[in-house]
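**Student:** Need a 3D model of the following:
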Amino acid sequence: MSALGAYFRLWRVGWILVREGVISALPSEDLPPSIGFAKSFVGLFARNRSKSKKRSDRLAQAVERLGPSYVKIGQFLATRPDVVGVEFADDLSQLQDRMAFFPPAAAKASIASSLGRPIEDLYASFGEPIAAASIAQVHLAEVDTLSGRKKVAVKVVRPGVRQRFSHDIEAMYLVAHMQERFMPSSRRLRPVEVTKTLEQTTKVEMDLRLEAAALSEIAENTEKDPGFRVPKVDWERTGRDVITMEWIDGVKMSDVDGLRAAGHDLNRLADTLIQSFLRHTLRDGFFHADMHPGNLFVDAHGDIVAVDMGIVGRLGKKERRFLAEILFGFITRDYVRVAEVHFEAGYVPGHHNVESFAQAIRAIGEPIHGQPAETISMGKLLTLLFEVTELFDMATRPELVMLQKTMVVVEGVSRMLNPRFNMWKASEPVVGDWIRNNLGPKRIVTDLKDGLKAAVKLAEAAPEIAAKTEKFHHQLLHMSEHGLRFDAETAEAIGKSEARHNRSGRFALWIIALALLYIAWVVT
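**Tutor:** Numbering: from 1, shown residues only. All right, here's what the predicted structure looks like:
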């Protein structure tokens, strides 16, 4: 029944996309004639009023009809131009995460259930909703403290959104599996893994305790950073379905005129924003991955305050060194080293030629050196780099794609504040410090310390490893003498899996047959 529901939900998604004219508005270049004919045919079913709209408007209308889950899915896919294409990702990035409010009574009931206390015991006052998104909405409230009454922002998860998303994600998995099965060229993009990432990311975003933890971690990391902070969390009034945090009085970064009227130095804010993002990325390996101007405020002291920490990204030490060496290689025009880093990190398969890859990297780097510094975009540089790596079978790295997308957004905000923003000059203090500490002599010392720690852990685990090795050796001997045998549970699981596969195949054939009959009936 679950597979049956996924097929019907997928049919509904397809029908809405057809009716809103999204399918007929997709680009037709380099597509087989049969696909072009199919597009023209389904275009006959589009609403007449949708044909006059831009493709991004058609997409927004379709997603609005599909519901909150698909707003979140669309926003996630907007961060994956490697999967949906650059043009389609741009359309998706324009989706507005503004949904209808749900009743305050439902919010109060959810808070009371999550925290196990009556709403009157938690807040001195609880106001009407002031903003609503696909997953949650925000209320202005007040709490009594030892220093007096204070305003707080209360974020509450939308009722029923988890159940709705769990159903909608099944259709996404169905599309991903079909894509891997029938489009072998797309397997490099790992569509099933992308869907798993979407599922995990959204589940994390729906647990507001994890958002509170992210705020707390970034607050610790940035405690001594100049010009940047995040709201303080009220842990007493925070649970799975609700997070209470400091109320931020400030000007949104999207309001450039308001910032200027408040007397803020826009050039300094642009530099602070990009430097803060690079510190979080290179120094901490933990960054806010949704830093659009609506999530950034400037308080009365001129500090940037980032809110809505539902989407965050992490980079391991290897990925951070990879990024730093790429930037350093482009700055010094050492394209061979940039290529070697890709091979050393295992991002490009070893059967490719390093020199050929370096030649492709040079095609990106050389044009940059002929441009004025203020026109060079680090985000665009990474975008071009990922396009080249596709030619060399580089598997998709979700954490790097998320970083690239966030960097494009942050860089865009900085240029909105300062049209002559010099990305390289602003980032040099942070990137230069990272390079000196991690690509020079200090790196050797750090690697030795890490190696020593790893050796100690290996020595501690040696007895357990030896015992497991001996047990594995006995199992191999037993299999060589008696053959490989499945236990009853494994055999039953294999049988059920095969039966599900056969049922899904038969059902798909029935769907196709019914669709053909319907088309034949319409034509006649």
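
**Student:** and the helix or strand where K150 lies, average pLDDT?
**Tutor:** Secondary structure from DSSP states H and E places K150 in strand 148-157. Mean pLDDT, strand 148-157: 94.

**Student:** other SSEs contacting that strand?
**Tutor:** helix 104-115, strand 136-145, helix 208-221, strand 242-246 (3 or more C-beta pairs under 8 Å, 6 or more residues apart in numbering; DSSP states H and E). Quick note: C-beta positions are derived from backbone N, CA and C, even for glycine.

**Student:** nearest to P463, of these?
**Tutor:** Closest to P463 of the helices and strands packed on strand 148-157 is helix 208-221 (C-beta to C-beta; 35.1 Å).

**Student:** in the strand holding K150, what counts as buried?
**Tutor:** V152, A153, V154, K155, V156, V157 (16 or more other C-beta atoms under 10 Å).

**Student:** Nearest to E217 among those residues?
**Tutor:** K155 (17.6 Å).

**Student:** now the closest one: how far from I326?
**Tutor:** 37 Å (C-beta to C-beta, to the nearest Å).

**Student:** likewise L273?
**Tutor:** Relative to I326, and taking C-beta to C-beta, L273 is found at 22 Å.

**Student:** And those two? Which one has more around it.
**Tutor:** L273 (26 against 18; other C-beta atoms under 10 Å).

**Student:** thought the more buried one was touching R415?
**Tutor:** No: with contact defined as C-beta atoms under 8 Å, L273 does not count as touching R415 (10.5 Å).

**Student:** For the stretch 151-300 of the chain, give me the ranges with low pLDDT.
**Tutor:** Applying pLDDT under 70 to the stretch 151-300 of the chain flags residues 185-189.

**Student:** Give me the pLDDT for E489.
**Tutor:** Reported pLDDT for E489: 65.

**Student:** can you check the one 5 residues further on too?
**Tutor:** Among the per-residue scores, I494 shows a pLDDT of 62.

**Student:** start at 677 instead
**Tutor:** I'll keep to 677 as the first residue from here, and by that count the last item is I1170.

**Student:** check contacts around H964.
**Tutor:** Contact partners of H964, counting by C-beta atoms under 8 Å, 6 or more residues apart in numbering, are I894, F953, H956, N971, A982, M985, I987, V988, T1082.

**Student:** Swap in 10 Å and give it another go.
**Tutor:** 890-891, 894, 906, 952-953, 956-957, 971-972, 982-989, 1082, 1086 (C-beta atoms under 10 Å, 6 or more residues apart in numbering).

**Student:** Also V832?
**Tutor:** Applying C-beta under 10 Å, 6+ apart, we find V832 in contact with 778, 780, 782-787, 790, 805, 808, 811-815, 884, 917-920.

**Student:** Then A895?
**Tutor:** By C-beta under 10 Å, 6+ apart, the contact list for A895 reads R905, V906, P907, K908, V909, M985.

**Student:** can you count the residues close to the first one?
**Tutor:** In terms of burial, R905 registers 19 neighbours under the definition other C-beta under 10 Å.

**Student:** beta partners of it?
**Tutor:** Under DSSP bridges, the beta-bridge partners of R905 are V981.

**Student:** neighbours around K1144, how many?
**Tutor:** 11.

**Student:** quick one: which helix or strand includes it?
**Tutor:** helix 1117-1158.

**Student:** if you average pLDDT over that helix, what comes out?
**Tutor:** 69.

**Student:** now the contacts of V832: which count as buried?
**Tutor:** Buried among the contacts of V832 (16+ other C-beta under 10 Å): 778, 780, 783-784, 786-787, 790, 805, 808, 811-815, 884, 917-920.

**Student:** Mind jotting down where the strands sit in the stretch 927-1076 of the chain?
**Tutor:** 962-964, 972-975, 980-982, 988-990 (DSSP state E, counting those that start in this stretch).

**Student:** could those go into JSON lines alongside distance to F1006?
**Tutor:** Output for the strands of the stretch 927-1076 of the chain, formatted as JSON lines (distance: least, C-beta to C-beta, whole Å):
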{"stretch": "strand 962-964", "distance to F1006": "21"}
{"stretch": "strand 972-975", "distance to F1006": "28"}
{"stretch": "strand 980-982", "distance to F1006": "27"}
{"stretch": "strand 988-990", "distance to F1006": "22"}
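
**Student:** nearest to K1144, of those?
**Tutor:** For K1144, the closest of the strands of the stretch 927-1076 of the chain is strand 988-990, at 30.0 Å, according to C-beta to C-beta.

**Student:** So what's the gap between that closest one and the chain middle?
**Tutor:** Between the centre of strand 988-990 and the centre of its chain there are 8 Å (C-alpha atoms, centre = their mean, to the nearest Å).

**Student:** Just the closest of the contacts of A895 to I1040, please.
**Tutor:** M985 (32.8 Å).

**Student:** hang on, the closest one packs against D966?
**Tutor:** Yes: counting by C-beta atoms under 10 Å, M985 touches D966, with 8.0 Å between them.

**Student:** Between these two, tell me which one has more neighbours.
**Tutor:** Just comparing M985 and D966: by other C-beta under 10 Å the higher neighbour count belongs to M985, 26 against 22.

**Student:** got the phi/psi numbers for that one?
**Tutor:** phi -100, psi 30 (degrees, to the nearest 10).

**Student:** How about the contacts made by Y849?
**Tutor:** Contacts of Y849 by C-beta under 10 Å, 6+ apart are A682, P867, V868, T871, K872, L874, E875.

**Student:** tell me which element it falls in.
**Tutor:** Assigned by DSSP H and E, Y849 belongs to helix 837-858.

**Student:** send the alpha carbons of the helix or strand following that helix over as CSV?
**Tutor:** Going down the chain from helix 837-858, the next helix or strand is helix 867-882, by DSSP H and E. Extracted in CSV, the C-alpha atoms of helix 867-882 (Å, rounded to 0.1, in the frame of the first residue of the first chain):
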residue,chain,number,x,y,z
PRO,A,867,19.8,10.7,-6.6
VAL,A,868,18.8,8.2,-3.9
GLU,A,869,21.6,9.6,-1.6
VAL,A,870,20.3,13.1,-2.4
THR,A,871,16.8,12.1,-1.3
LYS,A,872,18.2,10.6,1.9
THR,A,873,20.0,13.9,2.6
LEU,A,874,16.8,15.8,2.0
GLU,A,875,14.9,13.5,4.4
GLN,A,876,17.6,13.7,7.1
THR,A,877,17.9,17.5,6.8
THR,A,878,14.2,18.1,7.0
LYS,A,879,13.8,15.7,10.0
VAL,A,880,16.5,17.6,11.8
GLU,A,881,14.8,20.9,10.9
MET,A,882,11.6,19.6,12.3
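
**Student:** Out of the contacts of A895, flag the one nearest to K748.
**Tutor:** M985 (15.6 Å).

**Student:** Could you measure from the closest one over to A1034?
**Tutor:** With C-beta to C-beta as the criterion, M985 and A1034 are 39 Å apart.

**Student:** Check the offset of the strand holding K826 from the chain's centre.
**Tutor:** Centroid displacement of strand 824-833 relative to its chain, using C-alpha atoms, centre = their mean, is 27 Å.

**Student:** Tell me the strands beside that strand, with direction?
**Tutor:** Strand 824-833 is paired, per DSSP bridges, with strand 812-821 (antiparallel), strand 918-922 (antiparallel).

**Student:** okay, the angle between that strand and helix 780-791?
**Tutor:** Interaxial angle, strand 824-833 versus helix 780-791 (axes from the mean of the first three to the mean of the last three C-alpha atoms, to 10 degrees): 90 degrees.

**Student:** Restricting to C-alpha, output strand 824-833 in PDB.
**Tutor:** Taking Å, rounded to 0.1, in the frame of the first residue of the first chain, the C-alpha atoms of strand 824-833 are listed here in PDB:
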ATOM      1  CA  GLY A 824      12.200  42.200  34.500                       C
ATOM      2  CA  ARG A 825       9.900  41.300  31.600                       C
ATOM      3  CA  LYS A 826      11.600  40.500  28.300                       C
ATOM      4  CA  LYS A 827      10.400  39.900  24.800                       C
ATOM      5  CA  VAL A 828      11.100  36.500  23.200                       C
ATOM      6  CA  ALA A 829      10.600  34.900  19.800                       C
ATOM      7  CA  VAL A 830       8.700  31.500  20.000                       C
ATOM      8  CA  LYS A 831       9.000  29.200  17.000                       C
ATOM      9  CA  VAL A 832       6.400  26.400  16.800                       C
ATOM     10  CA  VAL A 833       6.300  23.400  14.500                       C
END
